[in-house]
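1. Give me coordinates for this.
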Amino acid sequence: MIYRFFLVISLSFMVFGLSVSRTQIFQELTTIVLSPSYLLTDYMALAGVGGAFFNSGLLMLLFTLLLWILKINPSGASIAAILTIGGFALFGKNFFNVWPIVAGVLLYTTLIGENLKTFLYVAYFGTALAPISTHLILASGFNIVGFFLSLIVGFLLPPLASFCLTLHRGYNLYNVGFTAGILGMFLGSILKAYDLAPTPRFYWHEGDQVLLAVFTYSVFYAILLYGLKLNGWSFKGYKSILSHSGKLLTDFVLLENEGVTFINIGLLGLLGTSYVLLSGSALNGPTIGGIMTLAGFGALGKHPKNIAPVVLGVILGAATNSQPFNSPSMTLAVLFGTTLAPIAGEFGFIWGVVAGFLHSALVINVAFLHQGMNLYNNGFSGGFVALFLLPLIDAARLLKNRILVSMRGESNGN
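-> Model prediction:
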């Protein structure tokens with residue numbers, strides 16, 4: 001069922017892209033591959049709506065094919081990975097720049113004698129660093145040294161990802177985004193030290209809103225209906241999803257079933273799309289990428305109950321800080337900041353709001369550290385927010401328990 005879903009959504013994106021661009025598709029894809037792809041490069045603004053969607057569908061199809069070749073039994077992690085790749089293929093990943101990173105991860109896996117499946121999802125999510133491939137390999141024509149350096153970047157991801165998970169204890173769903181941010185921070189610093197850092201860029205598409213809204217809503221309504229069909233045309237069992245904290249790895253396909261998982265994915269996609277439109281922002285590569293990532297992790301930890309406090313916290317930050325409420329950075333922070341949903345799911349509403357509020361401030365101040373080379377900038381920020389909050393939450397709970405014990409002691413003494 002999941003492979004069928006991957007095939008349908010991949011082909012839907014490709015057909016939509018072809019129908020929009022038609023004869024311009026090859027020119028648009030060439031522009032996407034050859035242009036720098038670091039943050040923030042909206043492929044719709046750079047090359048065209050059709051080329052961006054075709055690139056997205058093609059990448060989802062290729063990574064699905066790799067799952068099939070390796071005989072992976074797809075789960076919630078697979079859905080999160082494929083939809084995230086498809087989302088970021090609208091603004092930063094393309095069918096060229098992802099493969100050196102993937103190859104580097106698989107090379108590490110082979111050299112340490114592990115099964116290729118062991119770090120496969122690290123490779124998938126590790127394509128967050130795909131812009132480094134474009135920068136090192138294609139910035140001045142094809143550079144073989146840049147290719148090997150990109151391999152090394154992928155090679156370093158698995159051991160770092162395993163360690164980073166221990167830092168935030170699974171409360172940042174975008175663990176590889178946090179890892180890629182740390183690795184990207186060193187890469188960006190080295191590039192800047194040798195005057196090789198990329199020039200800042202900003203591409204943000206604001207046209208074609210009716211077309212993009214119709215397509216995006218159609219996709220997630222179809223996913224919702226697919227989930228309802230698998231679930232006997234009912235929401236039976238969906239309430240069980242809402243009881244999970246969402247901490248890594250909360251795989252709803254394995255813990256619940258495919259039907260309620262797809263219902264959750266569809267609902268989150270519809271909520272994300274509606275937020276972008278109601279806030280007055282634009283549907284484009286980055287925002288649809290954020291919606292797809294939000295929805296994809298509807299199979300791996302997110303649900304309306306645990307994202308709501310974080311979203312509220314980010315909105316509070318956006319409404320009170322110096323950034324316009326519906327600015328690109330704040331809109332993306334709302335969508336991607338849901339990486340901190342497990343904090344709300346585990347520790348409650350208030351802590352979720354605090355996490356979202358802190359994230360709204362931190363996320364706009366960390367991108368310069370990796371020079372835009374880490375596409376999962378919110379995952380990078382989310383890791384630091386979790387790292388900062390977790391000991392404070394532990395301390396607050398300890399103090400609360402001591403106060404309660406003290407109060408009980410006084411009460412018994414009276």
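2. Need the nearest residue in space to Arg22, chain neighbours excluded.
-> Spatial nearest neighbour of Arg22, excluding adjacent residues (Cβ to Cβ, 6 or more residues apart in numbering): Gly50 at 7.4 Å. (C-beta placed from N, C-alpha, C; glycine too.)
3. Same question for Lys305.
-> Leu242 (4.5 Å).
4. Now do the phi/psi pair for that neighbour.
-> Main-chain dihedrals, Leu242, degrees, to the nearest 10: phi -70, psi -10.
5. circling back to that earlier point, would you mind measuring from the residue nearest to Arg22 to Thr287?
-> Gly50 is 18 Å from Thr287, where distance means Cβ to Cβ, to the nearest Å.
6. Counting neighbours, go ahead and name the busier of those two.
-> Comparing Gly50 with Thr287 by other Cβ atoms under 10 Å, the one with more neighbours is Thr287, at 30 against 21.
7. now that one, nearest residue through space, not along the chain?
-> Closest residue to Thr287 apart from its sequence neighbours, by Cβ to Cβ, 6+ apart: Val276 at 5.0 Å.
8. Ala319: neighbour count?
-> 11.
9. Mind listing what's buried along stretch 339-348?
-> By neighbour count on 16 or more other Cβ atoms under 10 Å, the buried set for stretch 339-348 is 339-347.
10. nearest to Ser406, of those?
-> Taking Cβ to Cβ as the measure, Ser406 sits nearest to Phe347 out of the buried residues of stretch 339-348, at 22.4 Å.
11. That closest one is in contact with Leu390, isn't it?
-> No. With contact defined as Cβ atoms under 8 Å, Phe347 does not count as touching Leu390 (9.0 Å).
12. Dihedrals phi and psi, Leu116?
-> Phi and psi for Leu116, reported as degrees, to the nearest 10, are phi -60, psi -20.
13. Wait, it touches Leu107, no?
-> No. Between Leu116 and Leu107 there is no contact under Cβ under 8 Å: 10.4 Å.
14. pLDDT weak spots in the stretch 101-250 of the chain?
-> For the stretch 101-250 of the chain, the stretches flagged by pLDDT under 70 are 140.
15. How many residues are close by the residue nearest to Lys305?
-> For Leu242, the neighbour count with other Cβ under 10 Å is 12.
16. ok, so what distance separates it from Ile265?
-> From Leu242 across to Ile265, the span is 14 Å (Cβ to Cβ).
17. what's the answer for Leu277, then?
-> Distance of Leu277 to Ile265, computed by Cβ to Cβ: 19 Å.
18. Name the residue in those two with the higher neighbour count.
-> The residue with more neighbours, out of Leu277 and Ile265, is Ile265; 29 against 17, by other Cβ under 10 Å.
19. returning to what we had before: need the contact list for the residue nearest to Lys305.
-> Residues near Leu242 by Cβ atoms under 8 Å, 6 or more residues apart in numbering: 303-305.
20. 10 Å instead?
-> By Cβ atoms under 10 Å, 6 or more residues apart in numbering, the contact list for Leu242 reads 264, 303-306, 345.
21. mind checking how far it is from Glu258?
-> Going from Leu242 to Glu258 by Cβ to Cβ gives 17 Å.
22. Likewise for Glu114?
-> From Glu114 to Glu258 the distance is 28 Å (Cβ to Cβ).
23. swap in Gly317?
-> Computed with Cβ to Cβ, the distance linking Gly317 and Glu258 is 36 Å.
24. Same check on Gly266?
-> Gly266 is 12 Å from Glu258, by Cβ to Cβ.
25. Then Gly146?
-> Look at Gly146 and Glu258: by Cβ to Cβ, they are 42 Å apart.
26. helices or strands up against the top helix by length along the chain?
-> Ordering each helix of the chain by length in residues (DSSP state H) puts helix 377-413 first. Judged by 3 or more Cβ pairs under 10 Å, 6 or more residues apart in numbering; DSSP states H and E, helix 377-413 is in contact with helix 144-168, helix 175-193, helix 285-296, helix 304-320, helix 328-336, helix 341-347, helix 349-362.
27. ranking those helices by burial, who's on top?
-> helix 285-296 (a mean of 29; mean count of other Cβ atoms under 10 Å).
28. Report the contact partners of Ile307.
-> Each residue near Ile307 by Cβ under 10 Å, 6+ apart is listed here: 246, 268, 271-272, 294, 297-298, 301, 334-335, 337-341, 344-345, 352, 356.
29. er, Thr84 actually
-> 60, 93, 124-125, 127-128, 174, 176-177, 289, 292-297, 300, 375-376.
30. What residues of stretch 386-393 count as buried?
-> Within stretch 386-393, judged by 16+ other Cβ under 10 Å, the buried ones are 386-387, 389-390, 393.
31. Which member of those is positioned nearest Leu196?
-> Checking the buried residues of stretch 386-393 one by one against Leu196 (Cβ to Cβ), the nearest turns out to be Leu387, at 29.5 Å.
32. now the closest one: how far from Tyr124?
-> Distance from Leu387 to Tyr124, counting by Cβ to Cβ: 24 Å.
33. Give me the most central residue, this structure.
-> Thr293 (4.6 Å; Cα atoms, centre = their mean).
34. I figured that residue hits Gly337, correct?
-> No. Using Cβ atoms under 10 Å, Thr293 is not in contact with Gly337, being 11.0 Å away.
35. Identify the contacts common to those two.
-> 378-379.
36. Find the nearest non-adjacent residue to Gly181, please.
-> In this structure, Gly181 finds its nearest non-sequential neighbour in Phe380, 2.6 Å apart by Cβ to Cβ, 6+ apart.
37. Just list the residues touching the one you found, thanks.
-> Shown in contact with Phe380 (Cβ under 10 Å, 6+ apart): 128, 172, 174, 177-185, 339, 362-363, 366-367, 369-370, 374.
38. Any buried residues in stretch 257-268, and which?
-> Neighbour-count burial for stretch 257-268, with 16+ other Cβ under 10 Å as criterion, is recorded at 257-268.
39. Rebuild those residues as JSON lines, extending it with secondary structure.
-> JSON lines is the format used below for the buried residues of stretch 257-268 (DSSP: H, G, I helix; E, B strand; the rest coil):
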{"residue": "Asn257", "secondary structure": "coil"}
{"residue": "Glu258", "secondary structure": "helix"}
{"residue": "Gly259", "secondary structure": "helix"}
{"residue": "Val260", "secondary structure": "helix"}
{"residue": "Thr261", "secondary structure": "helix"}
{"residue": "Phe262", "secondary structure": "helix"}
{"residue": "Ile263", "secondary structure": "helix"}
{"residue": "Asn264", "secondary structure": "helix"}
{"residue": "Ile265", "secondary structure": "helix"}
{"residue": "Gly266", "secondary structure": "helix"}
{"residue": "Leu267", "secondary structure": "helix"}
{"residue": "Leu268", "secondary structure": "helix"}
